[in-house]
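Colleague: take a look and give me a structure for this.
(one chain, ligands or ions: 1)
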Amino acid sequence: MNVLANYPPTDELQALDAAHHLHPFTHANGLAAKGARVITSAKGVWLKDSDGEEIIDGMAGLWCVNIGYGRDELAEAAARQMKELPYYNTFFQTTHVPALMLAKKLAELAPGDLNHVFFASGGSDANDTNIRLVRTYWAEKGQPERDVIISRWNAYHGSTIGGTSLGGMKGMHGQGSLPIPGIEFIDQPHWWAEGGDMTPAEFGLERARQLEERIKEIGPEKVGAFIAEPIQGAGGVIVPPETYWPEIQRIVKKYGILLIADEVICGFGRTGNWFGSQTVGIEPDIMTVAKGLSSGYIPIGASIISDGVADVLRETEFNHGYTYSGHPVACAVALENLRILEEEGIVDNVREVTAPYLREKWEALADHPLVGEAKIVGMMASIALTPEKASRAVFAADAGTVGYICRDRCFANNIIMRSVGDRMIISPPLSMTCDEIDILIARARKSLDECYEKLKVDDLLKAG
Ligand code: PXG
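Modeller: Residues are numbered from 1 along each chain as shown. Take a look at the predicted model:
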């Protein structure tokens, strides 16, 4: 009998969840006290919970369900592959059709000479691969001392030891004595929060030039790579000023440092092009991908590597790999997902139709008394909540207090819009239509109104 077919009522499910299931990034006792919302099914951009409520998913799950929920083709691709060859490895002189076909497809889709694919199960372990890959690359080139990787504060690159180390989240570093040695950080290009009196253009250049200063401090002969998300996602959808990326590209070229673009969120249409690197105009040597690669239907990630880096790596045995590297079922599902994205013109439709439509509606939210800036690239967007727009002030209450209140209002209004500190973010399925965008925006605005009223009542509309 299918144990999942006839589940008990919501309160029993919540009690079982609280008793046995530890959630990621969650204060377990806090959640147990109120009970987790139980999501039971989904179709298109709509989630359903165990009480029958319908929720519009402004986050595409966790930035990943690019084609939307409920595409039977992916379930059928998985079932077909499970019957044909549910598992085999690619470690010991063997290969299989799904892995090699997906590698070929990714080489076609990825820009420039990014023609080689090393598979992982998600974004974190793909970034772990990247650390070992970069260091092995430089060792093979006779420069083993080039083992430093520079990243940015408030970057997110995953939650494994390597991913956490590459990420710039201090709260994560604090748990587990991280980062590992050899990871250095520069500041993020977050003009709203950190730009002071500079114009965005000046600030973008200033932040990019920190990379050059840092390289000189460490010694160019010791720096192997710079890693960054084209647009920071988990950090709060931080859109860098236009001056930022061209300067970064100039600097990594000047010092011969590898550029790793972490495309886990930006990849597969999120920014209106296949990859965020194309949107911001950079030429990475390595790209990390996951999430949208399978639209989240099954875990898979990868590092996509340039000819130049792969040529060096091919000269040695790279002692690295995961049991599920190139898992045949995951590869088959990813291939079907990419077929749908491509054949249905979803990326073009985002660029030409839905992203411009969303932009107009999203930027209009900046008129709301609680909203400072409204930023958007493709189908990822953020707003800064502020008690005082002109001075870009923060709230007197602890950072995140207001964001949390706003997120609670969103939850109550059946819209998934996340808070990161006092920023609200969305990243909806790329399949979202203009009519659905109208619903999303109406619910977002209602939630902002309710949040604003609550802040007045609770006397929280004060600058800190
Ligand atoms: N790189 C980037 C840029 C990511 O956004 C990862 C790597 C790690 O991928 P995996 O598949 O190992 O999770 C991510 C993941 C959030 C949130 O709160 C974001 C992510 C994961 C969990 C939560 O926004 N991004």
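Colleague: okay, CA-based contacts and neighbour counts for the rest of this
Modeller: Will do.
Colleague: hmm, who's touching stretch 257-265?
Modeller: Identification of contacts with stretch 257-265 by CA atoms under 8 Å, 6 or more residues apart in numbering yields 63-64, 123, 134, 157, 223-230, 233, 252, 275-277, 283-292.
Colleague: ditto for stretch 29-37
Modeller: Contacts of stretch 29-37 from elsewhere in the structure, counted by CA under 8 Å, 6+ apart, are 11, 14-15, 17-18, 49-50.
Colleague: can I get that stretch in PDB, CA atoms only?
Modeller: Extracted in PDB, the C-alpha atoms of stretch 29-37 (Å, rounded to 0.1, in the frame of the first residue of the first chain):
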ATOM      1  CA  ASN A  29      11.300  24.600  18.500                       C
ATOM      2  CA  GLY A  30      10.000  27.900  17.100                       C
ATOM      3  CA  LEU A  31       8.500  26.000  14.100                       C
ATOM      4  CA  ALA A  32       7.100  23.200  16.300                       C
ATOM      5  CA  ALA A  33       5.200  25.800  18.400                       C
ATOM      6  CA  LYS A  34       3.200  27.000  15.400                       C
ATOM      7  CA  GLY A  35       3.300  24.000  13.000                       C
ATOM      8  CA  ALA A  36       4.700  23.800   9.500                       C
ATOM      9  CA  ARG A  37       2.400  24.500   6.600                       C
END
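Colleague: how far does it sit from the chain's center?
Modeller: Centroid separation for stretch 29-37 versus its chain: 26 Å, with CA atoms, centre = their mean, to the nearest Å.
Colleague: and if you look at stretch 413-428?
Modeller: 14 Å.
Colleague: JSON lines for the contacts of stretch 29-37, including distance to Asp197, secondary structure and pLDDT?
Modeller: JSON lines is the format used below for the contacts of stretch 29-37 (distance: CA to CA, whole Å; DSSP: H, G, I helix; E, B strand; the rest coil; pLDDT from 0 to 100):
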{"residue": "Asp11", "distance to Asp197": "52", "secondary structure": "helix", "pLDDT": "95"}
{"residue": "Gln14", "distance to Asp197": "49", "secondary structure": "helix", "pLDDT": "97"}
{"residue": "Ala15", "distance to Asp197": "51", "secondary structure": "helix", "pLDDT": "96"}
{"residue": "Asp17", "distance to Asp197": "49", "secondary structure": "helix", "pLDDT": "97"}
{"residue": "Ala18", "distance to Asp197": "48", "secondary structure": "helix", "pLDDT": "97"}
{"residue": "Asp49", "distance to Asp197": "46", "secondary structure": "strand", "pLDDT": "95"}
{"residue": "Ser50", "distance to Asp197": "50", "secondary structure": "coil", "pLDDT": "94"}
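Colleague: got phi/psi on Ile425?
Modeller: phi -130, psi 150 (degrees, to the nearest 10).
Colleague: that one pairs with what?
Modeller: Ile425 has the following beta-bridge partners by DSSP bridges: Ser382, Arg418.
Colleague: that one reaches Ile416, doesn't it?
Modeller: No. Look at Ile425 against Ile416 with CA atoms under 8 Å: they stay out of range, at 9.4 Å.
Colleague: buried residues of the longest helix anywhere in the chain, list them for me.
Modeller: The longest helix of the chain (DSSP state H) is helix 434-457. Neighbour-count burial for helix 434-457, counted by 16 or more other CA atoms under 10 Å, picks out 437, 440-441, 443-445, 447-452, 454-455.
Colleague: could you do stretch 374-391 as well?
Modeller: 374-389.
Colleague: narrow those residues to those in strands?
Modeller: Under the assignment DSSP state E, those contribute 374-377, 380-385 to strands.
Colleague: check the contacts of stretch 29-37 and tell me the two furthest apart.
Modeller: Greatest spacing in the contacts of stretch 29-37, by CA to CA: Ala18 and Asp49 (17.1 Å).
Colleague: who has more neighbours, these two?
Modeller: Higher neighbour count among Ala18 and Asp49: Ala18, with 19 against 15, using other CA atoms under 10 Å.
Colleague: residues in contact with the more buried one?
Modeller: 28, 31-32, 35.
Colleague: against the ligand, how distant is it?
Modeller: 20 Å (CA to the nearest ligand atom, to the nearest Å).
Colleague: any idea how far Ala19 is from the closest residue to Ala261 other than its chain neighbours?
Modeller: Distances taken as CA to CA, 6 or more residues apart in numbering place Met287 nearest to Ala261, at 4.8 Å, with adjacent residues excluded. To Ala19, Met287 is 39 Å away according to CA to CA, to the nearest Å.
Colleague: these two: which has the busier surroundings?
Modeller: In this view Met287 and Ala19 are compared by other CA under 10 Å, and Met287 has more residues nearby, 29 against 11.
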